[in-house]
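J.: next input, structure requested:
(chains A and B)
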Amino acid sequence: MTEETLEGWAPEIGRGITLEEVIERAFDYRGNVTVVKTDGTELEGYLFNRERDAAEPFVQMFDRAGDGPYDIRYADIRSIRFTGRDTAAGTSYAAWLRAKESKKPASGA
Amino acid sequence: MSVPLSQMWAVASYVLKQRLRGTTRYPLVLMLEPLFRCNLACAGCGKIQYPAQILKKHLSVEQCMAAVDECGAPMVSIPGGEPLMYPEIGRLVTELVARKKYVYLCTNALLLKEKLEAGLFEPSKYLSFSVHMDGLREEHDEAVCRDGVFTEAVEGIREALRRGFRVTTNTTLFDGANPLRMREFFDAMMDLGVEGMMISPGYSYSKAPDQEHFLRRQRAHELFRTMLANPKRRWKFNQSPLFLQFLMGKQDFECTPWGNPTYNMFGWQRPCYLLQEGYAPTFRELIETTKWENYGRRSGNDKCRDCMVHCGYEPTAVNHTFSSWRGFRDTVVATVTGRN
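T.: Numbers count the residues shown, from 1 in each chain, chains lettered A, B, ... in the order given. As a prediction, the model looks like this:
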């Protein structure tokens, strides 16, 4: 199964997708994201959790330096950009098998 | 079954105490992940795909011990990442042993010889190195996506055994596994002198690169039935015989997702070791606020449908042993006769 990566995605909230939906995608994303806050400031890092059932829903992140966790309320988020490399994409088992096969000497030589 | 009597007694008395107290959801094994960094990148693993700053981070020993105390499980499994890359692994193990926790240090063993020679660990009945071995050389090197790992792991096992450590193996099986080769593998591990083996079907992590080789339930039953038919007396499995019967389709168990709770730098993972649907800040919150009814085979959750992994079903098997005379009898018979 191959899954399309969200790397580079910069959705516009409200244009067919809600903030909550984008947060769910960011939570599922294995790369850094940039959270743009309503006050215009940005935080880039790994979004590892969200509490959607909390009285005031929030996300939790470690920044690019690994500091944190930082809590950001949903209400304070304007948008999220998928700025970091998708670490779950890339080298596949099938690719490893192909590389292994290619290393074997050709038969009948 | 090769679990030492003292460990069996510790687990049995813990489970009975929980039952007498009327605790319905209690942990059996804490899955403690001090780091996600690893020196391998196996195709079936969904644990290490993180940005660099996360892979560089790790828990402190104090954070680990706070989780151990909060959880209270009698056994602690240290997976990862590769725990031998954790800079404070020696101190962590010393602290756990001092608390009389039965520790399974799950390692690929690439660094085992080096760490043993450095004098990082002392042999103890509380400490087992649980070495990742997915089969004989060809199968294992293929599973870990690197040639030569099997040979290095065997060297690590030999060194640990020579120094008097408890050593077990843990094996994850995927679609296409050859039952006859696995039987040869069991022989080879017993020849090496390991105390016991743990086997489990793999889980289809959504983030694992290899999605096509995970076992579906029916195929898993067939594989384990063939593999474990007429088991040799010398094969020792370091797990509940009822779990092995479950793998063979002889027991119909439901998952116990809270049985092996997971703690890592993100917190207490909901709902289990395999699924990442969020994190709770405390163990109590994990137990009390996770919507457990949404998980397990009978919940209808697609992610649980084909899962037969030990972290969900071994706690069920252990609980079954102590919840009825039939469960207890089945366990004793399987243990004494060696028949699954």
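J.: confidence-wise, which helix or strand of chain A is lowest on average?
T.: helix A:93-103 (a mean of 57; mean pLDDT, DSSP states H and E).
J.: counting neighbours, what do you get for residue 55?
T.: You didn't pick a chain, so chain A it is. 6 (other CB atoms under 10 Å in any protein chain shown). C-betas here are computed from N, CA, C, even on glycine.
J.: wait, chain B was what I had in mind.
T.: Quick note: residue B:55 (other CB under 10 Å) scores 17 neighbours.
J.: ok, it to residue B:70 distance?
T.: 25 Å (CB to CB, to the nearest Å).
J.: buried sites along stretch A:49-56?
T.: Within stretch A:49-56, the residues that count as buried by 16 or more other CB atoms under 10 Å in any protein chain shown are A:49-51.
J.: end-to-end on it?
T.: From the first residue to the last, stretch A:49-56 extends over 14 Å; the measure is CA to CA, to the nearest Å.
J.: can you list the weak-confidence ranges in chain B?
T.: Residue ranges of chain B with pLDDT under 70: B:1-2, B:44, B:204-215, B:338-339.
J.: chain B: helices as residue ranges?
T.: B:5-21, B:52-56, B:61-71, B:89-98, B:112-117, B:137-143, B:149-162, B:179-192, B:217-228, B:241-247, B:283-289, B:302-305, B:310-323, B:325-337 (DSSP state H).
J.: what sits up against the fifth one?
T.: Among residues not part of helix B:112-117, those counted as contacts by CB atoms under 8 Å, 6 or more residues apart in numbering or on different chains are B:84, B:89-90, B:121, B:129, B:131, B:153, B:155-157, B:159-160, B:163, B:165.
J.: for it, the distance to its chain's centre please.
T.: Per CA atoms, centre = their mean, to the nearest Å, the displacement of helix B:112-117 from the mean C-alpha position of its chain is 22 Å.
J.: name the helices or strands packed onto the longest strand along chain A?
T.: What stands out as the longest strand in chain A, according to DSSP state E, is strand A:42-51. When contacts are defined as 3 or more CB pairs under 8 Å, 6 or more residues apart in numbering or on different chains; DSSP states H and E, strand A:42-51 packs onto helix A:19-28, strand A:33-37, strand A:58-63, strand A:70-73, helix B:52-56, strand B:276-280.
J.: report the mean confidence score over that strand.
T.: Mean pLDDT, strand A:42-51: 98.
J.: quick one, what contacts the spatially most central residue of chain A?
T.: Geometric centre of chain A, nearest residue: residue A:29, 2.8 Å, by CA atoms, centre = their mean. Contacts for residue A:29 (CB under 8 Å, 6+ apart) come out as A:6, A:47, A:82, A:86.
J.: so the last one lies in a strand, does it not?
T.: To tie it back to what came earlier, the one meant is residue A:86. No: read with DSSP: H, G, I helix; E, B strand; the rest coil, residue A:86 is coil and lies in no strand.
J.: just give me the neighbour total for it.
T.: Counted with other CB under 10 Å, residues neighbouring residue A:86 total 21.
J.: so where is chain A shaky, pLDDT-wise?
T.: Regions of chain A meeting the criterion pLDDT under 70 cover residues A:1-3, A:90-109.
J.: how close does the closest residue in space to residue B:74 that isn't next to it in sequence sit to residue B:315?
T.: Excluding the flanking residues, the one nearest residue B:74 by CB to CB, 6 or more residues apart in numbering or on different chains is residue B:14, at 4.6 Å. Counting by CB to CB, the gap from residue B:14 to residue B:315 is 12 Å.
J.: list residues touching both of the two?
T.: Common contacts of residue B:14 and residue B:315 (CB under 8 Å, 6+ apart): residue B:28.
J.: which one's more surrounded, those two?
T.: Neighbours were counted for residue B:14 and for residue B:315 using other CB under 10 Å; residue B:315 has more, 25 against 18.
J.: pretty sure residue B:95 sits against residue B:60.
T.: No: using CB atoms under 8 Å as the test, residue B:95 is too far from residue B:60 to be in contact (11.4 Å).
J.: the two - which one has more neighbours?
T.: Shown here are residue B:95 and residue B:60; by other CB under 10 Å, residue B:95 has more neighbours (17 against 12).
J.: and that one, what does it touch?
T.: Applying CB under 8 Å, 6+ apart, we find residue B:95 in contact with B:61, B:64-65.
J.: how about the residues you listed in TSV, adding distance to chain A?
T.: Shown next, in TSV, are the contacts of residue B:95 (distance: CB to the nearest CB, whole Å):
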residue	distance to chain A
B:61	18
B:64	17
B:65	20
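J.: by neighbours, which of these wins?
T.: Going by other CB under 10 Å, residue B:64 tops the contacts of residue B:95 with 25 neighbours.
J.: my guess is residue A:38 meets residue A:78, correct?
T.: Yes: the pair residue A:38 and residue A:78 passes the contact test of CB under 8 Å, sitting 5.0 Å apart.
J.: between these two, which is the more surrounded one?
T.: Each of residue A:38 and residue A:78 has its neighbours counted (other CB under 10 Å); residue A:78 has more, 14 against 11.
J.: so that one, which state does it fall into?
T.: Going by three-state DSSP: residue A:78 is strand.
J.: rewinding a little: between the buried residues of stretch A:49-56, which is closest to residue A:22?
T.: Nearest to residue A:22, judged by CB to CB, of these is residue A:50 at 10.8 Å.
J.: how near is the closest one to residue B:322?
T.: In terms of CB to CB, residue A:50 sits 38 Å off from residue B:322.
J.: now residue B:60
T.: 35 Å.
J.: distance between stretch B:98-116 and the chain's centre?
T.: For stretch B:98-116, the distance to the chain centre is 13 Å (CA atoms, centre = their mean).
J.: how about that stretch: buried residues?
T.: B:101-113, B:115-116.
J.: then stretch B:47-55?
T.: By neighbour count on 16+ other CB under 10 Å, the buried set for stretch B:47-55 is B:47-51, B:53-55.
J.: just the CA trace of it, in PDB.
T.: This file holds the C-alpha atoms of stretch B:47-55, laid out as PDB (Å, rounded to 0.1, in the frame of the first residue of the first chain):
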ATOM      1  CA  LYS B  47       8.300   3.100  15.900                       C
ATOM      2  CA  ILE B  48      11.200   5.100  14.600                       C
ATOM      3  CA  GLN B  49       9.700   7.400  11.900                       C
ATOM      4  CA  TYR B  50      10.100  10.800  13.600                       C
ATOM      5  CA  PRO B  51      11.900  14.100  12.900                       C
ATOM      6  CA  ALA B  52      15.500  14.400  14.000                       C
ATOM      7  CA  GLN B  53      14.800  16.400  17.100                       C
ATOM      8  CA  ILE B  54      12.500  13.700  18.400                       C
ATOM      9  CA  LEU B  55      15.000  10.900  17.600                       C
END
